[in-house]
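1. predicted model and sequence below, questions to follow.
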Amino acid sequence: MAQKEFKAESKRLLEMMINSIYTQREIFLRELISNASDAIDKIYYKALTDDQLVFNKEDYYVQVTADKNNRTLTITDTGIGMNQEELENNLGTIAKSGSLAFKHENEAKDGHNIIGQFGVGFYSAFMVADHVTVTTKALGASEAYRWESSGADGYVIETAEKDSVGTEIVLKIKENTEDDSYDEFLEEYRLKAIIKKYSDFIRYPIKMEVSGQRPKEGAEGEFEEFTEEQVVNSMVPIWRKNKDELTDEDYDNFYAEKRYGFDKPLKHIHVKADGAVVYNAILFIPENTPFDYYTKEYEKGLELYSNGVLIMDKCGDLLPDYFSFVKGMVDSEDLSLNISREMLQHDRQLTMIAKNIKSKVKSALLSLLKEERENYEKFYGAFGRQLKFGVYNDYGQNKDVLQDLLLFHSSKEKKLVTLDEYVSRMPEDQKYIYYAAGESIDRIEKLPQTELVADKGYEILYFTDDVDEFAIKMLVNYKEKEFKSVSSGDLGIDSEEDNKAEEAAESDNKDLFEAMSGMLSGKVKSVKASKRLRSHPVCLSTDGDLSIEMEKILSQMPNNQGIQADKVLEININHEVFQSLKNAQQSDQEKLALYTNLLYNQALLIEGLPVSDPVEFTNDICKMMV
Ligand code: ADP
């Protein structure tokens, strides 16, 4: 029979495939096994409506056979087969497959990127084979046909001998080249591993002749060769099983088997959705932070299956960044096998699944928080930062999803509390949610700025993570209660009396404060009488949005612009030191300057800010001693 040309499109794809440097060549087997499984499905569905046809489960399987001597790999199925016309249409062109449009758009890009992301079907065989023979007999047909091709040049179809219905595909595996070895596709153990990896959950048995050595029965120390047929795939995926059939251990094993992580997950979520979008998913909340989690190298994503066939290792679109720690898989019948990464982003089904998963994860976390507080705190220790980044990122648009998942250390409870717990025990006269930021709980505890708030008996949230204050600025308020730093200018606590007293103190000491401001010009915005200090002589507060903690964090960032918080030096006018200041102002300007600098530097140290001239500072202290 005369050789036929491939249709133009197919030819181009074929050339791309043959010359592909794609490293994941192994997916050809997934593609061929999926086709075989589809072909069996077709008989199965026919049998459902055709009384003449009986579907005996045992008769339907896929067989994979490697022959090292002849360098052939054969994939046989007992599926529906193809008649001559189908053979011509299906294997002579690929124009029907959904991936074609995508290929056009991306022709400029390199081939391997394109191939890797979606099912490429039958033609992927040419990544590993230089000659492919398909012998097939369609259900109900009297003749069988053979299709043969050595690649882009074209193909031949002729009649053939085949007794049983189904399809046999023989791949002549390529010879090794200097750069590439193809031998692995003839090795039993590799083939088994590939099948396990991609096709474990195909509904029909995938059989392989497996040979090896085993201890000989009755003869100790002796071994015998054996060859036996094994079913390589497990067929029933755990996610299709009923939840009540499964134990926690089953889920934990699945997590380990899949190498989602080496820890034991804190929680699993088994989703069986059959509403507007149909899918199964098993999701895990890990216990430990992966070593690269907070780096650019970490890649989020879930495994994506289309009807039991793995189509993507890490589908990032299924998870928002703030839930990037979630591990697991999604299987949906609604997704096409031939779907590219770019197409996925616009896939309506996938968007719906992602939305659904987001809310499942959120409720799972909330229930962990409610029912297993200790485990939630473990989780929060590992991934809380990511949630806080989530509040801060994207201009705060996800804050509503995340705010109830946040925990902060409480000054009163001496442990992590939720915002809801904080707000629900606020005394009636308390207007704000107070927080203090610093390096550690110990240091914050000693901050003079917390004195008045603590004196009032109000709870203070301690922020020790870089991102905390930034996240809170994004939240602005929680349950209509605004957040307020204990260092901010107006604490909203003072009574009318306090205010009057402060005004009086300000006007009485106007000259002193102005003189001190002058001495600290460029360093602080103003010097004033403090309302928040009780026992400490001095502290810094800020005027405006930027706090001192934020200034510290920003200053560590690359290309920081030297942005500074507007600092105010607050003096406790009830402290003995204040009298000394007043005396100095009357009698000795030099002394006033010395005291002012000392107090300012002390305030810096309390804040954990560097003193700009430590030598001068120690000299100043010595001056006080002699
Ligand atoms: P896709 O599977 O995406 O349609 P393929 O190139 O893999 O693309 O296959 C093209 C068509 O060839 C299939 O849709 C199917 O109709 C037919 N086909 C492939 N393999 C087999 C098989 N083993 N048995 C029956 N038909 C097959």
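-> Perfect, I can see it now.

2. point me to the residue of the protein nearest the ligand.
-> residue 121 (2.6 Å; C-beta to the nearest ligand atom). Quick note: C-beta positions are derived from backbone N, CA and C, even for glycine.

3. doesn't residue 30 make contact with that residue?
-> No - if you go by C-beta atoms under 8 Å, residue 121 and residue 30 don't touch, sitting 10.5 Å apart.

4. show the average pLDDT along stretch 289-296.
-> Mean per-residue pLDDT for stretch 289-296: 91.

5. swap in stretch 314-334?
-> 94.

6. buried sites along that stretch?
-> Across stretch 314-334, burial judged by 16 or more other C-beta atoms under 10 Å covers 315-320, 322-332, 334.

7. which residues of the stretch 1-150 of the chain lie near the ligand?
-> 31, 35-36, 39, 77, 79-82, 90-91, 94, 97, 119, 121-123 (C-beta under 6 Å from any ligand atom).

8. neighbours of residue 414, how many?
-> Number of residues near residue 414 (other C-beta atoms under 10 Å) recorded here: 11.

9. give me the distance between it and residue 441.
-> Using C-beta to C-beta, to the nearest Å, residue 414 is found at 9 Å from residue 441.

10. same question, residue 487
-> Separation of residue 487 from residue 441 (C-beta to C-beta) stands at 17 Å.

11. same drill for these two, tell me which one is more crowded.
-> residue 487 (27 against 13).

12. where in the stretch 401-550 of the chain is pLDDT low?
-> By pLDDT under 70, the stretch 401-550 of the chain has no low-scoring segment.

13. would you map the helices across it?
-> With DSSP state H, counting those that start in this stretch, the ranges of helices along the stretch 401-550 of the chain come out as 419-424, 441-445, 451-455, 466-475, 496-508, 510-519, 548-556.

14. quick check: domain ranges of this protein?
-> The chain breaks down by automatic domain parsing into domains covering 8-231, 238-378, 406-493, 494-626.

15. can you give me phi and psi for residue 330?
-> phi -130, psi 130 (degrees, to the nearest 10).

16. packing partners for the host helix or strand of residue 603?
-> Residue 603 is part of helix 589-607, with elements assigned from DSSP states H and E. Where contact means 3 or more C-beta pairs under 8 Å, 6 or more residues apart in numbering; DSSP states H and E, helix 589-607 is packed against helix 510-519, strand 538-542, strand 567-571, helix 576-587, helix 614-625.

17. make a markdown table from these and add mean neighbour count to it.
-> Below are the helices and strands packed on helix 589-607 laid out as a markdown table (neighbours: other C-beta atoms under 10 Å):
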| stretch | mean neighbour count |
| --- | --- |
| helix 510-519 | 16 |
| strand 538-542 | 23 |
| strand 567-571 | 24 |
| helix 576-587 | 15 |
| helix 614-625 | 11 |
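
18. looking at the ones you listed, which is nearest to residue 168?
-> strand 538-542 (77.6 Å; C-beta to C-beta).

19. now the closest one and helix 548-556, what's the angle there?
-> If you take axes from the mean of the first three to the mean of the last three C-alpha atoms, to 10 degrees, strand 538-542 sits at 70 degrees to helix 548-556.

20. distance between strand 538-542 and the chain's centre?
-> Computed by C-alpha atoms, centre = their mean, to the nearest Å, the chain-centroid distance of strand 538-542 equals 40 Å.

21. and that strand with strand 567-571, angle?
-> 150 degrees.

22. returning to what we had before: the helix holding residue 603 to helix 576-587, inter-axis angle?
-> Angle of helix 589-607 versus helix 576-587, following the same axes, to 10 degrees, is 150 degrees.

23. quick one: the helices in the stretch 251-400 of the chain?
-> Under DSSP H, counting those that start in this stretch, the stretch 251-400 of the chain gives helices at 341-345, 348-371, 373-392, 399-402.

24. if I look at the nearest residue to residue 127 once chain neighbours are set aside, how far off is residue 206?
-> Setting aside the residues directly before and after it, residue 127 is nearest to residue 25 in space (C-beta to C-beta, 6 or more residues apart in numbering), at 4.5 Å. The spacing between residue 25 and residue 206, counted by C-beta to C-beta, is 19 Å.

25. so between the two, which is more surrounded?
-> More crowded of residue 25 and residue 206, by other C-beta under 10 Å: residue 206, with 26 against 21.

26. need phi/psi at that one.
-> Dihedral pair for residue 206: phi -110, psi 110, per degrees, to the nearest 10.

27. poorly predicted segments of this structure, please.
-> Counting by pLDDT under 70, the ranges of the chain that qualify are 1, 8-10, 17-23, 93-120, 336-346.

28. if we go to 50?
-> Scanning the chain for pLDDT under 50 picks out the ranges 95-119.

29. point to the residue nearest the middle of it.
-> With distances taken as C-alpha atoms, centre = their mean, residue 324 lies nearest the centre of the chain, 1.9 Å away.

30. how many other residues sit next to the closest residue to that residue other than its chain neighbours?
-> Leaving aside its chain neighbours, residue 324 sits nearest to residue 300 (3.5 Å; criterion: C-beta to C-beta, 6+ apart). As a burial measure, residue 300 scores 20 neighbours (other C-beta under 10 Å).

31. residue contacts, residue 300?
-> Residue 300 is in contact with 314, 316, 319, 321, 324, 325, 326, counting by C-beta atoms under 8 Å, 6 or more residues apart in numbering.

32. surely the first one meets residue 324?
-> Looking back up the chat, that one is residue 314. No - applying C-beta under 8 Å, one finds residue 314 not in contact with residue 324, separated by 10.7 Å.

33. which residues in the stretch 51-200 of the chain form helices?
-> 84-92, 99-105, 111-116, 188-199.

34. centre of the chain to the first one, how far?
-> It refers to helix 84-92. In terms of C-alpha atoms, centre = their mean, the centre of helix 84-92 is set 43 Å apart from its chain centre.

35. give the buried residues for it.
-> Result for helix 84-92 [16+ other C-beta under 10 Å]: buried residues 84, 87, 88, 90, 91, 92.

36. which ones are touching residue 512?
-> Contacts for residue 512 (C-beta under 8 Å, 6+ apart) come out as 581, 582, 585.

37. closest one to residue 138 out of those, please.
-> Taking these together and measuring to residue 138 by C-beta to C-beta, the closest member is residue 581, at 101.4 Å.

38. for the closest one, which non-adjacent residue is spatially closest?
-> Leaving aside its sequence neighbours, residue 581 sits nearest to residue 595 (C-beta to C-beta, 6+ apart; 5.7 Å).

39. just residue 542 next, same as before
-> Nearest non-adjacent residue to residue 542, counting by C-beta to C-beta, 6+ apart: residue 565, 4.7 Å away.

40. what is the neighbour count of the one you found?
-> 23.
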